[in-house]
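Peer 1: Turn this into a model:
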Amino acid sequence: MIYTVTFNPSLDYIVRLNAFHAGEINRVNYEQVLAGGKGINVSIVLKNLGLESTALGFLAGFTGEEIKNQLRQFGVKNEFVQLEHGFSRINVKAKAENETEINGQGPDISEQKRGELFDRLDRLQQGDTLVLAGSIPKTLPDDIYEKIMARLDNRGIRIVVDAEKNLLLNVLKYHPFLIKPNNHELGDMFGLTLTTDAEIITCARKLQEKGARNVLISMAGDGAILLTADGHSFRCAAPKGKLVNSVGAGDSMVAGFLAGYTESGGDFEHAFHMGVATGSASAFSENLATRAEAEALLRTIE
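Peer 2: As a prediction, this is how the structure comes out:
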């Protein structure tokens, strides 16, 4: 079974405007409300691709109920810890000449509720996959990723981590199965601006030396690079298409990789191509990628 953890889920209010003018009344010409959060996105795309997963994390209030309702509509199983106070955050994503985001802060999470999440994670068994993705709300300790991975260490659980800088660097000692920084995040970890494949591969190998097993680097319109634990490397250009919505594209790449890896019995090259195809399919659509959209792009890659 695949499990995903989203520590700070959201309802994303997505709007499009012809133009945005600060300090004035702005009227939208398109709006949509979607459940958001990196782990949630991974679970939804996995379901679209035909794979089951269980979404974990914390939910609160009326927004939390709507997030659960949307997951039920997608057919995604969830076992969120319900918080007694506050509400899950609302993020506003306004798309005009540029994209502007206003992200909520989310509810308080007590130590007791953290313990309830750990109890759920303790049920994972050998062969299961856990996806830890996204930022940590201010009411959780900075080392929450480390605490989870230390708790599950040496239990035969594949752990995927998609997080920024120190959140990612601090867990490499637990040898995650897969990490997925983008090229900008990768450069930031080493205080560099990476401009060539060689520079990206050099930094990615340093992450392997620190403990990461497989490293998947997304590069938006420039495609992606995969370095595997057995020393192989793969490079894939991005499929051709019009960028419609970049939100969730990286999460879709993770979901596509896991789907491809599972269905092929561990073929890294196929998993890599499926990840690139699925991430691109989401970027070319208003919504997260479907199986048909991902497979259509996969054929252009393979």
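
Peer 1: Can you get me a residue count around Thr290?
Peer 2: 16 (other Cβ atoms under 10 Å). Glycine gets a C-beta too; all of them are placed from N, C-alpha and C.

Peer 1: quick one: contacts for it?
Peer 2: By Cβ atoms under 8 Å, 6 or more residues apart in numbering, the contact set of Thr290 is Asn48, Ala281.

Peer 1: so what's Ser53 bridging to?
Peer 2: Ile2 (DSSP bridges).

Peer 1: Before we move on, what's the pLDDT of Lys95?
Peer 2: Lys95 is assigned a predicted lDDT (pLDDT) of 85.

Peer 1: where along the stretch 1-150 of the chain do the helices fall?
Peer 2: 38-48, 61-74, 111-121, 144-152 (DSSP state H, counting those that start in this stretch).

Peer 1: With the stretch 201-302 of the chain instead?
Peer 2: 249-263, 268-283, 291-301.

Peer 1: Remind me what the last one packs against, helices and strands.
Peer 2: On a contact count with 3 or more Cβ pairs under 8 Å, 6 or more residues apart in numbering; DSSP states H and E, helix 291-301 meets helix 268-283.

Peer 1: before we move on, back to that, the helices of the stretch 201-302 of the chain: which one's closest to Gln208?
Peer 2: Evaluated with Cβ to Cβ, the helices of the stretch 201-302 of the chain place helix 268-283 nearest to Gln208, the distance being 13.9 Å.

Peer 1: in that closest one, what's buried?
Peer 2: Of all the residues in helix 268-283, those buried under the rule 16 or more other Cβ atoms under 10 Å are 268, 270-283.

Peer 1: Tell me the one among these nearest to Phe80.
Peer 2: Of the buried residues of helix 268-283, the one sitting nearest to Phe80 (Cβ to Cβ) turns out to be Ser282, at 23.1 Å.

Peer 1: got a markdown table for the helices of the stretch 201-302 of the chain, with mean pLDDT too?
Peer 2: Below are these laid out as a markdown table (pLDDT from 0 to 100):
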| stretch | mean pLDDT |
| --- | --- |
| helix 249-263 | 96 |
| helix 268-283 | 96 |
| helix 291-301 | 95 |
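
Peer 1: Please identify the most buried of the helices of the stretch 1-150 of the chain.
Peer 2: helix 38-48 (a mean of 28; mean count of other Cβ atoms under 10 Å).

Peer 1: Now tabulate the helices of the stretch 201-302 of the chain in a markdown table and tack on distance to Asp197.
Peer 2: Listed next are the helices of the stretch 201-302 of the chain as a markdown table, based on distance: least, Cβ to Cβ, whole Å:
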| stretch | distance to Asp197 |
| --- | --- |
| helix 249-263 | 18 |
| helix 268-283 | 15 |
| helix 291-301 | 17 |
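
Peer 1: out of those, which comes closest to Leu178?
Peer 2: helix 249-263 (7.1 Å).

Peer 1: need the contact list for Glu99.
Peer 2: Glu99 sits next to Lys93, Ser246 when contact means Cβ under 8 Å, 6+ apart.

Peer 1: Show me what it bridges to in the sheet.
Peer 2: Beta-bridge partners, per DSSP bridges, of Glu99: Lys95.

Peer 1: What distance do you get for it to Asn41?
Peer 2: 17 Å (Cβ to Cβ, to the nearest Å).

Peer 1: and what of Met149?
Peer 2: Distance, Met149 to Asn41, using Cβ to Cβ: 21 Å.

Peer 1: Straight-line length of stretch 160-180, end to end?
Peer 2: End-to-end distance for stretch 160-180, by Cα to Cα, to the nearest Å: 8 Å.

Peer 1: Mind checking the pLDDT average for it?
Peer 2: pLDDT averaged over stretch 160-180 gives 93.

Peer 1: Name the residues of it that come out as buried.
Peer 2: So for stretch 160-180, counting by 16+ other Cβ under 10 Å, buried means 160-163, 167-169, 171-172, 174-180.

Peer 1: can I get the helices of the stretch 1-150 of the chain in a markdown table with distance to Thr54?
Peer 2: Formatted as a markdown table, the helices of the stretch 1-150 of the chain follow (distance: least, Cβ to Cβ, whole Å):
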| stretch | distance to Thr54 |
| --- | --- |
| helix 38-48 | 8 |
| helix 61-74 | 10 |
| helix 111-121 | 9 |
| helix 144-152 | 15 |
